[in-house]
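S.K.: sharing a sequence plus its predicted fold:
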Amino acid sequence: MPVNEFLVLWLSSWAAIAFFRIAPAFALRGRTLSPRVTEALGYIPPAAFAALVANDLISPGAFDAGLWQGLMPWIAAAGVAAVAIKTKSMLWCCVSGIVLYIVLSLV
């Protein structure tokens, strides 16, 4: 692909992404959202977090490297579930998941 075609593709992609991220912020500036919309938007972070976790846990090749390598994400997820029940904070869930995974990978 020639550089000119690449630059056109890259710049048009960048412009579209920037527009669709920035335009809603300007369109909704100064307006209050209905409680239903606010509640629906509140489900986005937990859903994204769950999708990332599910992608790591339910992987067809998870146990190809061995039993321990396949069980590490499940053990870390169990620890994160305990932290979630205790704190109900996504920040602490993320931090505990990272720490648990690092500790388990050192074992």
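M.R.: It's in. Here the structure is a predicted model, which means the values were calculated and not measured.
S.K.: so where do the helices sit in this structure?
M.R.: In the chain, the helices defined using DSSP state H lie at 3-27, 35-42, 44-57, 67-87, 90-106.
S.K.: let's have the ones you listed in TSV, adding mean neighbour count.
M.R.: In short, each C-beta sits where N, CA and C put it, glycine included. Compiled in TSV, these are given as follows (neighbours: other C-beta atoms under 10 Å):
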stretch	mean neighbour count
helix 3-27	10
helix 35-42	10
helix 44-57	12
helix 67-87	15
helix 90-106	14
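S.K.: select from the ones you listed the stretch with the lowest mean pLDDT.
M.R.: Note on the helices of the chain: helix 44-57 shows the lowest mean pLDDT, a mean of 86.
S.K.: report the inter-axis angle for that helix versus helix 67-87.
M.R.: Interaxial angle, helix 44-57 versus helix 67-87 (axes from the mean of the first three to the mean of the last three C-alpha atoms, to 10 degrees): 160 degrees.
S.K.: helices or strands next to helix 44-57 in the packing?
M.R.: Judged by 3 or more C-beta pairs under 8 Å, 6 or more residues apart in numbering; DSSP states H and E, helix 44-57 is in contact with helix 67-87, helix 90-106.
S.K.: among those, which comes closest to Phe20?
M.R.: helix 90-106 (24.6 Å; C-beta to C-beta).
S.K.: what about the closest residue to Leu41 other than its chain neighbours, distance to Phe20?
M.R.: Closest residue to Leu41 apart from its sequence neighbours, by C-beta to C-beta, 6 or more residues apart in numbering: Leu33 at 7.5 Å. Distance, Leu33 to Phe20, using C-beta to C-beta, to the nearest Å: 18 Å.
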